[in-house]
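**Student:** here is my input, please return the structure:
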Amino acid sequence: QVRLQESGPGLVKPSQTLSLICTVSGGSITMPIYSWKWIRQPPGKELEWMGTLDYSGRTYYSPALNTRTAVSRDISKNQFTLHLSSVTPEDTAVYYCARGPLGTHYDGSYDYRGQGTQVTVSS
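**Tutor:** This next block holds a predicted model:
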């Protein structure tokens with residue numbers, strides 16, 4: 001069974017870049033039937049899809065966050081990483097990494113996700 005685990009700082013200062021790592025076990029991120037996603041949920045709001053990495057390494061981003069978001073991967077560690085630049089307090093949220101079916105590159109649909117990690121943006 002696949003498992004996903006987020007890791008990274010819980011507190012980030014405004015204007016800095018947030019970097020979160022998702023470590024995947026129980027399945028390779030290069031398997032050509034899944035995509036790998038970052039999703040977040042700000043307090044009191046719905047889940048928001050941020051970006052997707054497919055098995056070949058191609059990336060897809062939410063138009064609302066496109067200029068500030070990048071997703072990369074380390075195949076040797078079976079990890080993928082979110083980088084969100086120029087953060088503001090509005091980026092405070094619980095951040096999740098997730099696995100989705102292939103072909104769902106532009107939405108937040110998933111079958112497995114991590115437990116989530118709280119990130120607060122504050123000076």
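**Student:** go ahead and flag the most central residue of this protein.
**Tutor:** Taking CA atoms, centre = their mean as the criterion, residue 38 is the residue nearest the geometric centre of the chain, at 2.3 Å.
**Student:** that one reaches residue 99, doesn't it?
**Tutor:** No. Residue 38 sits out of contact with residue 99 when judged by CB atoms under 8 Å, with a separation of 11.5 Å. For the C-beta atoms, the positions are set from N, CA and C on the backbone; glycine is no exception.
**Student:** returning to what we had before: which residues touch the residue nearest to the centre of the chain?
**Tutor:** Applying CB atoms under 8 Å, 6 or more residues apart in numbering, we find residue 38 in contact with 20, 22, 49-52, 69, 71, 82, 95-98.
**Student:** at 10 Å what do you get?
**Tutor:** Contacts here follow CB atoms under 10 Å, 6 or more residues apart in numbering; on that basis residue 38 touches 6, 20, 22, 48-53, 61-62, 65, 69, 71, 80-84, 95-98, 108.
**Student:** now swap in residue 18 and tell me
**Tutor:** The contact partners of residue 18, by CB under 10 Å, 6+ apart, come to 8-9, 12, 68-69, 82-87, 91, 95, 119, 121.
**Student:** skip the chain neighbours and tell me the closest residue to residue 25.
**Tutor:** Residue nearest to residue 25 in three dimensions, not counting chain neighbours: residue 3, with 4.8 Å by CB to CB, 6 or more residues apart in numbering.
**Student:** against residue 23, how distant is the one you found?
**Tutor:** Look at residue 3 and residue 23: by CB to CB, to the nearest Å, they are 9 Å apart.
**Student:** who touches both of the two?
**Tutor:** Shared between the contact lists of residue 3 and residue 23 (criterion: CB under 10 Å, 6+ apart) are residues residue 114.
**Student:** and these two? Which one has more around it.
**Tutor:** Set side by side, residue 3 and residue 23 show more neighbours around residue 23, with 16 against 13, by other CB atoms under 10 Å.
**Student:** show me which residues of whichever strand or helix holds the more buried one are buried.
**Tutor:** With the criterion set as DSSP states H and E, the secondary-structure element containing residue 23 is strand 18-25. If you call a residue buried by 16 or more other CB atoms under 10 Å, then strand 18-25 has these buried ones: 18, 19, 20, 21, 22, 23, 24.
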